[in-house]
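Asks: Build the 3D model from these lines:
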Amino acid sequence: MAGAPEHVGCRGPTRDKHQGFRPAWRPERRRPPACATILHGAGLADRVAGRNLLAVNQSSLRNLDDARGPLDEMLRVLDRLPFVSGVKRDVLSLRELLYHRRAPRIAAFGLPGSGRTSLATALLGKGALPDGIEMGRWVRVDAAGSLVDWLEVPLGPGAEMRDHVRNAADEMRPDVAILVCAPRDLDGALAGAAAEIREHLGWLESPDVAFAVLTHADAIPPTTAGPPYPDGKGHAIDLTRERLERVLREANVEIHAVRAVSTRDGHGIPDLSEALLEKLPERARVEAARALVHARRGRREVANRIVHSSSTLALTVGMAPVPFSDAFVIAPLQVTMVSAIAHLAGRPWDKKTVAEWMASMGVVGGAGMGLRWTARQLLKFVPGAGTLVSAGIAGAGTVTIGQSAIAYFLRHEPKQITAG
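Replies: Residues are numbered from 1 along each chain as shown. As a prediction, this is how the structure comes out:
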């Protein structure tokens, strides 16, 4: 039709009875900036913020598995961008801690009566190990809602565990190993099993993840003294521990550290829990931090690492200059962060938990979260410096939310659990 406007990039003009001629389809939209492409284009919001995010699950982190693909996509984008090595490191850390998480694998070796099962109970809590577990085979343990793979191996004549241990190691290589020794084992029985011990520990990646644990520290004279032990009993325990170190050294058994514990009164159990958690691979630390009920410091360290990585990612996403483009990324990221901290504390990520945590922040805290989000979006309308300020608010806000979750969920730590 004469006088009809020409539309570039359209199949042809079509008529609209109200507006005259219009293009048959809209021109292609301009490509978003690289910073927005990293997360927004990867679809992190759509995958993390699913409708079942607040549903009651057996594991409060089950829904986080949906974000594994977007994080991999993010890493591929970061590989092509300069000056983002720190961000990439935080993405890798968050991916290992949360999305590639797995149960820790702990192997316990010891002579009959050394206290292997009692040690597991002291570390993981009462009722963690099922009755009548099969020796020399991996057992999946539900410890306080967190899964642990436990391998228990008896030593000494008649045990005949060589083939069982080899098959178990072929199935899953232990992350850490514990050689459990009672004071009575130092009189010769332990040295007699040295070749067997060396063979079993040879399946480890490194001797740095092998511990020797002297049990029954409460039975070392004077037996009437309870924790905290007086200096005399503490000195006697140190002498017995040094004797165990000497026996292992003479038997050419490589051990990272020797610790003394009592499963009756809890002596040394918290320190052993912290040491085990520190030696575990990163992808096993979230489940282990929850399962090892006495690893209080380690739990907080894992939680702080999650908050640090999440805040760095929020800062990066906040650099996107498009208003409202990060709203669908930072909020799910913060939900992921808080749900992970709740999981560390053994809390289900359900509506009740969310309501209690929000109530703990109070009206001022909740309003502050909303005001920070509004200010962040408005600042993006200011070219240049507005984006930088918006990114700073995103990072600081994520840190504030994470620290409030740590203060709420990890403030009530469990009391010491003993074998009884």
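Asks: quick one: the closest residue to G226 other than its chain neighbours from A219, how far?
Replies: The shortest distance from G226 to any non-neighbouring residue, by C-beta to C-beta, 6 or more residues apart in numbering, is to D265 (5.8 Å). (Glycine included, C-beta is placed from N, CA and C.) For D265, the distance to A219 equals 11 Å [C-beta to C-beta, to the nearest Å].
Asks: So between these two, which is more surrounded?
Replies: The residue with more neighbours, out of D265 and A219, is D265; 19 against 12, by other C-beta atoms under 10 Å.
Asks: after the longest strand seen in the chain, next one along is what?
Replies: Counting residues, the longest strand found in the chain (DSSP state E) is strand 146-154. Next helix or strand after strand 146-154 toward the C-terminus (DSSP states H and E): helix 162-171.
Asks: could you give the angle of the helix or strand just after that following helix to strand 146-154?
Replies: Sequence order places strand 176-181 as the next helix or strand after helix 162-171, per DSSP H and E. Angle, strand 176-181 to strand 146-154, by axes from the mean of the first three to the mean of the last three C-alpha atoms, to 10 degrees: 40 degrees.
Asks: For strand 176-181, list the C-alpha coordinates in CSV.
Replies: C-alpha atoms of strand 176-181 as CSV (Å, rounded to 0.1, in the frame of the first residue of the first chain):
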residue,chain,number,x,y,z
VAL,A,176,40.3,-40.6,56.4
ALA,A,177,41.3,-43.6,58.5
ILE,A,178,41.3,-44.1,62.2
LEU,A,179,43.6,-46.7,63.9
VAL,A,180,41.8,-47.3,67.2
CYS,A,181,44.0,-48.5,70.1
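Asks: average model confidence for it?
Replies: On average, the pLDDT along strand 176-181 is 97.
Asks: Next: stretch 310-325.
Replies: Here the average pLDDT along stretch 310-325 is 64.
Asks: For S360, the count of nearby residues, please.
Replies: Applying other C-beta under 10 Å, we find 14 residues neighbouring S360.
Asks: Before we move on, what's the pLDDT of it?
Replies: 74.
Asks: and it, which of the three is it?
Replies: Put simply, S360 is helix when judged by DSSP: H, G, I helix; E, B strand; the rest coil.
Asks: ok, it - contacts?
Replies: S404, Y408 (C-beta atoms under 8 Å, 6 or more residues apart in numbering).
Asks: Which parts of this structure are strands?
Replies: Under DSSP E, the chain gives strands at 13-16, 20-23, 105-110, 138-143, 146-154, 176-181, 210-214, 257-260.
Asks: Would you identify the least confidently predicted of those, using mean pLDDT?
Replies: What stands lowest among these, in mean pLDDT terms, is strand 20-23, with a mean of 41.
Asks: I figured R243 hits L186, correct?
Replies: Yes: using C-beta atoms under 8 Å, R243 makes contact with L186 at a distance of 5.7 Å.
Asks: Settle it for me: which of the two has more neighbours?
Replies: L186 (17 against 14).
Asks: how near is the more buried one to H235?
Replies: 17 Å.
Asks: what does A182 give?
Replies: 20 Å.
Asks: Looking at these two, which one has more neighbours?
Replies: Neighbours were tallied for A182 and for H235 using other C-beta under 10 Å; the higher tally belongs to A182 (19 against 11).
Asks: Name the nearest residue to that one, sequence neighbours excluded.
Replies: In space, A182 is closest to S114, 4.7 Å off (C-beta to C-beta, 6+ apart).
Asks: Could you verify my assumption that the one you found touches I178?
Replies: No: with contacts counted by C-beta under 8 Å, S114 stays clear of I178, the gap being 10.3 Å.
Asks: Which one's more surrounded, those two?
Replies: The neighbour count for S114 versus I178, taken as other C-beta under 10 Å, is higher for S114 (27 against 24).
Asks: Enumerate every residue touching the more buried one.
Replies: V180, C181, A182, D185, T215.
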